[in-house]
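1. Test case, fold it:
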Amino acid sequence: MKKKILAVVAALAILMGALAPINIAYAEPSKSEVCESIKNKDSAAYAQICGSDKTEADAKQTVKNILTTVFTWTGIISVIVIIIGGVFYITSQGEPDKIKRAKNAILYAIIGLIISLLSFAIVNFVLTAMQGN
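-> Below is the predicted model of the structure:
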């Protein structure tokens with residue numbers, strides 16, 4: 001079970017690490033280049049991205065919404081792992097190996113939760129700074 005918990009925490013850390021570079025400012029392709037690259041012009045994605053009523057602020061808000069959802073789920077998963085670790089601790093019956101496993105699960109979940117909260121704060125700071133420009 002320890003390996004599963006470590007795998008979940010590692011997956012969350014990798015996810016946060018993979019999403020972190022998204023926030024780096026870079027030269028974006030023009031809307032026309034993006035719209036021309038979409039092959040299926042009748043798709044919902046084309047209408048959402050290239051619709052005449054969409055602006056850059058809408059795109060930034062969409063990115064913010066997606067990242068907020070990812071961070072929310074990461075936080076929920078961390079809290080669930082903390083609860084599971086607490087259940088393991090309660091049911092350990094004083095066995096040192098089970099107590100250690102439970103404490104490690106709680107510790108790693110708290111570390112994941114802290115990383116998630118910090119990532120959320122950084123993303124919101126960067127996106128708010130970008131909206132000011």
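
2. low-scoring stretches of this protein, by residue?
-> 1-2, 5-6, 8-57, 131-133 (pLDDT under 70).

3. max-length helix in it?
-> helix 96-132 (DSSP state H).

4. and that helix, what does it pack onto?
-> Under the contact definition 3 or more CB pairs under 8 Å, 6 or more residues apart in numbering; DSSP states H and E, helix 96-132 sits against helix 2-19, helix 56-90. All C-beta spots, glycine's among them, are computed from the backbone N, C-alpha and C.

5. Could you tell me which residues within the last one count as buried?
-> Spelled out, that is helix 56-90. Going by neighbour count (16 or more other CB atoms under 10 Å), the buried part of helix 56-90 is 64, 67, 70-71, 74-75, 77-78, 81-82, 84-85, 88.

6. Could you pull up the residues touching the residue nearest to Leu117 when sequence neighbours are not counted?
-> Take Leu117 and drop its neighbours on the chain: the residue closest to it by CB to CB, 6 or more residues apart in numbering is Gly75, 7.2 Å away. Listed by CB atoms under 8 Å, 6 or more residues apart in numbering, the contact set of Gly75 reads 113, 116-117, 120.

7. and if we set it to 10 Å?
-> Taking CB atoms under 10 Å, 6 or more residues apart in numbering, we find Gly75 in contact with 12, 112-113, 116-117, 120.
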